[in-house]
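Student: Model the structure of this input:
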Amino acid sequence: MDDDSNGPDRESRQDAERQILEQDKVHIVPYPDSRAGKPITQSKVRDVNVTYGSSISDMENLYSPFSSQMDWEIVQWAKLRGPSSMAFSDLLSIDGVSECLGLSYTNSRELNGIIDKQLPGCPKFQWEQVIVAGEAFDIYYRDVLECIKALFGDPDFADYLVFAPQRHYMDDDETVRLYSDMHTGRWWWNTQKKLDEQRPGATIIPVIISTDKTQVTMFQNKLQIHRKPSQCAHVLLAYLPTTCFEHITNKASRHRSAANLYHACMAPGLDGLAMWSGDGILHCCHPLFACFIGDYPEQVLATTVKTMECPKCDIPPDELESHTAPFELCNLHAILDALATIDVGDLEFVQPIAITPDILHQLYQGWLAQACGPNEIDARCRRLPPNHHICLFMKGITGLSHVSGAEHAQICCFLLGVIIDARLPGNMSSTPQYPCHSSETLPLLDEALTLFHDNKQIFVDLGIRNHFNLPKPHATRHYISMIRFFGTTDNYNTEYTERLHINLAKDAYRATNRKDEFIQMMQWLKHKEKIMRHAKFIHWRLHNNTPHHPHPQPASLSFDRTQTLAKHPSAKAVPFRTLISDYGAMYFPLAANVHLPFHSVAVYHKIKWLSVDARGHGDPLITVDSVHVMPCRTGTRRKNDALPARFDTALINNGTGQSVGVEGYRVGQIWAIFSMRERDAQFLFPPTHQPPKHLAYIEWFRPFSSTPDPRHGMYKITCLVHSGERVASIIPVSNIVRSIHLIPKFRPVAPCHWTSNNVLEECDTFFVNCYIDRHSFVTLQ
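Tutor: From the prediction side, this is the model:
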């Protein structure tokens, strides 16, 4: 592949991404029937928090039914972050503890009684027993309509609810369409149009259901559960049992019995009904099953297809590896006819394409250890330099077992760099996860997929794979249609629900005594949900019943962030000689290009970038990036345990850098961040010039080449050296845009003396990692 082969495609991709990044407004086309999503006429507005408060006995006490703020905060600690019930009871049994703290309970049993009887309820769990293959199974579930009402009526979500579909465009001419949240996709628009033929003015509530199986104990008689996780905008629907059916000797019959058990637990039934939204307005709502989220085994169970078949289309299993083989989506009429025989209610709006992409399991997989050798891959992983976005696997990655979704994502950030000579092309792990797509960026997915198919033969040639007739690679052919129908993949990413194994299954199980565990798990979850809901009510009362009204904005690819440093320096009055000896700023006085009339500066050890609430969701500020600049220091874990020095690399804007592309940017390694006293700054800068508050001493790398390497999409850079010495400068910290992760250009065998701590000094040629996050991918690709 020559250097010019990707030129036009790269330019068109940058143009498409730049349009989304730099858009200053979105042209919104509302649904043509203004009755869609409107409230029920002549219905009264009901304050949800006032209705909740009517169930509280003592409204004069802000913390009722608890006696005081301390009483309430201890309850929160005990139920949300505290120890086991037995340990909490033991604490309260200490003579005088309950009385001194003024608590309204003396043990866990009394506290549970207050929560059960005096706090308004959440959707209740129900019990049912099903019999499959002669074996009885207990199912613990909630009424799905009650769960939908709880989410729809939550006042915290009131400002974010969308009641009717929309079409978003980048321009007033409506030539470039945008896809982001679900209401911008075609499914909602088409379904609303179909529903209006029978029930004009209806409000569609898209229902997204996810199931997943997890192991909650490592002891004998393993307990496994299917669960629909719950956190914030999710709610747990059911704990479903699984079993091995060991009494069934035939393997095929055993698998079919497991599938029958799953479907016996998933019988649907939804119709239109009146619901109060979080702002207290009554709507005529029609909850409709929109998407199913699950990994491939779950998709097989839900769609009743055979393993190694696509759950969405009719492509033959022996043609799954083809990028051009024709296919048709599953026959809707045949599915409806089959479902009608079991009498599951109104199936008019059921759609077979509701099986959504599984980003976590379909894109984060590979066979590279077999291609490059596990020892060499592990050696290279141990020699990667640290970065805010990178988790260092100091024991390597090939020996990992039970790899979590977060670990998969971390490995994908650097895997291509450590096997750079294996030439694994394509951008299918980054482009599908954009939070906003346009009709011009969607074809980029096809280009990346074509690039993968053009080069996948290497795995067959190396004997790693015999073929690629696998459902997961084939599933990527459905990504574009799914984004057009349901919006971008962050609306239905399995990575979000995967994390909640811990919150709703493992933590709940650990809180039990392993006897009748499901009953205890439901009680634990019920108490937790009630406390969280009551905390919102108390917050509402403490803030004078004044709700917060954010202003949500459409999704985009913008990367707004705020740079910040500590209020006080990490070290005051650090002499120049210390900057040279401990910090490695070898040319510090010379880099200023002027005589410095002082001999010490205040030094900072970290720059942070905080998120900006670009979408108006009222999100808290979190650290999204950081740069560490600190010398070797004495550790605290053991005596004489020194912590190694760390001097990160960063992307620096010379003042002309744009939102897309590397023009106007350089990479530098930061050796010191400092500030000067006001009188010293006045000596160096003229009165008409506002001196920068913070400065940084950096050593430069050479400028970016005109294009990245077409084989892997990364730029190669080398240290900038003049007359055998590194070239250094002092620049304003405000010019530093973000951290940059550099991957060393490893030799055929990684040098033994390279380590994660010294590789930036020992190596002189690097690849700029553009896969650590979406911002680096858009800017540096």
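Student: What lies in contact with the helix or strand encompassing Lys608?
Tutor: Take DSSP states H and E as the rule and Lys608 turns out to sit in strand 606-611. The set of residues external to strand 606-611 that reach it, using C-beta atoms under 8 Å, 6 or more residues apart in numbering, is 561-566, 570, 619, 621-630, 673, 733, 736, 738. Every residue, glycine included, has its C-beta placed from N, CA and C.
Student: Return the members of these classed as buried.
Tutor: With neighbours counted by 16 or more other C-beta atoms under 10 Å, the contacts of strand 606-611 contain buried members at 561, 563, 565, 624-630, 673, 733, 736, 738.
Student: As a markdown table, those residues with pLDDT, distance to Leu610 and secondary structure would be great.
Tutor: Output for the buried ones among the contacts of strand 606-611, formatted as a markdown table (pLDDT from 0 to 100; distance: C-beta to C-beta, whole Å; DSSP: H, G, I helix; E, B strand; the rest coil):
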| residue | pLDDT | distance to Leu610 | secondary structure |
| --- | --- | --- | --- |
| Arg561 | 86 | 6 | strand |
| Gln563 | 93 | 8 | strand |
| Leu565 | 94 | 11 | coil |
| Val624 | 89 | 7 | strand |
| Asp625 | 93 | 9 | strand |
| Ser626 | 95 | 10 | strand |
| Val627 | 96 | 13 | strand |
| His628 | 96 | 16 | strand |
| Val629 | 95 | 18 | strand |
| Met630 | 92 | 20 | strand |
| Ile673 | 95 | 17 | strand |
| Val733 | 95 | 15 | helix |
| Ile736 | 96 | 14 | strand |
| Arg738 | 94 | 12 | strand |
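Student: quick one on the thing from earlier: and the strand holding Lys608, what's buried?
Tutor: Across strand 606-611, burial judged by 16+ other C-beta under 10 Å covers 606-609, 611.
Student: can you check stretch 158-178 too?
Tutor: Buried-residue list, stretch 158-178, by 16+ other C-beta under 10 Å: 158-159, 161-170, 176-178.
Student: Can you tell me which of these is closest to Lys117?
Tutor: Distance to Lys117 across those (C-beta to C-beta) is lowest for Ala158, with 28.5 Å.
Student: surely the closest one meets Asp279?
Tutor: Yes - Ala158 is within contact range of Asp279, at 4.1 Å (criterion: C-beta atoms under 8 Å).
Student: low-scoring stretches of the stretch 101-250 of the chain, by residue?
Tutor: For the stretch 101-250 of the chain, the stretches with pLDDT under 70 are 213-233, 240-250.
Student: Would you map the strands across it?
Tutor: With strands called from DSSP state E, counting those that start in this stretch, the stretch 101-250 of the chain shows them at 125-132, 135-142, 166-169, 177-179, 203-210, 212-215, 224-227, 238-241.
Student: Export only the CA atoms of stretch 14-31, formatted as CSV.
Tutor: What follows is stretch 14-31, C-alpha atoms only, in CSV (Å, rounded to 0.1, in the frame of the first residue of the first chain):
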residue,chain,number,x,y,z
GLN,A,14,-11.5,14.8,8.0
ASP,A,15,-13.9,17.1,6.1
ALA,A,16,-16.9,15.0,7.3
GLU,A,17,-15.6,15.0,10.9
ARG,A,18,-14.7,18.6,10.9
GLN,A,19,-18.2,19.6,9.9
ILE,A,20,-19.7,17.8,12.9
LEU,A,21,-17.0,19.2,15.3
GLU,A,22,-17.4,22.8,14.1
GLN,A,23,-21.2,22.9,13.7
ASP,A,24,-22.6,25.9,15.6
LYS,A,25,-26.2,24.8,15.3
VAL,A,26,-28.4,21.9,14.3
HIS,A,27,-31.3,22.3,11.9
ILE,A,28,-34.2,20.3,13.5
VAL,A,29,-37.2,19.1,11.6
PRO,A,30,-40.0,18.3,14.0
TYR,A,31,-42.5,15.5,13.4
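Student: For it, which residues meet the burial criterion?
Tutor: Here stretch 14-31 shows 14, 16-21, 23, 26-27, 31 as buried, counting by 16+ other C-beta under 10 Å.
Student: Kindly report the same for stretch 503-511.
Tutor: Counting neighbours by 16+ other C-beta under 10 Å, one finds that the buried residues in stretch 503-511 are 503-509, 511.
Student: which of the residues you listed lies closest to Val207?
Tutor: Taking C-beta to C-beta as the measure, Val207 lies nearest Leu504 of these, at 18.4 Å.
Student: Now do the same for the closest one: helix, strand or coil?
Tutor: Judged by DSSP: H, G, I helix; E, B strand; the rest coil, the three-state class of Leu504 is helix.
Student: okay, now Pro597: neighbour count?
Tutor: As a burial measure, Pro597 scores 9 neighbours (other C-beta atoms under 10 Å).
Student: Nearest to Gly713 among the strands of the stretch 101-250 of the chain would be which one?
Tutor: Nearest of the strands of the stretch 101-250 of the chain to Gly713, taken as C-beta to C-beta: strand 177-179 at 24.0 Å.
Student: and the closest one, what does it pack onto?
Tutor: With contacts defined as 3 or more C-beta pairs under 8 Å, 6 or more residues apart in numbering; DSSP states H and E, strand 177-179 has these neighbours: strand 166-169, strand 437-438.
Student: elements contacting the longest one?
Tutor: Spelled out, that is strand 166-169. Helices and strands touching strand 166-169, by 3+ C-beta pairs under 8 Å, 6+ apart, are strand 27-30, strand 177-179.
Student: can you rerun that using 10 Å?
Tutor: strand 27-30, strand 177-179, helix 186-196 (3 or more C-beta pairs under 10 Å, 6 or more residues apart in numbering; DSSP states H and E).
Student: Need the contact partners of it.
Tutor: With contact meaning C-beta atoms under 10 Å, 6 or more residues apart in numbering, strand 166-169 is reached by 26-31, 174-181, 183-186, 188-189, 436, 438-439, 487, 554-555.
Student: mind redoing it with 8 Å?
Tutor: Strand 166-169 is contacted by residues 26-31, 174-180, 183-184, 189, 554 when judged by C-beta under 8 Å, 6+ apart.
Student: Show the pLDDT at the nearest residue to Val778 once chain neighbours are set aside.
Tutor: Leaving aside its chain neighbours, Val778 sits nearest to Glu17 (5.4 Å; criterion: C-beta to C-beta, 6 or more residues apart in numbering). Note for Glu17: predicted pLDDT of 74.
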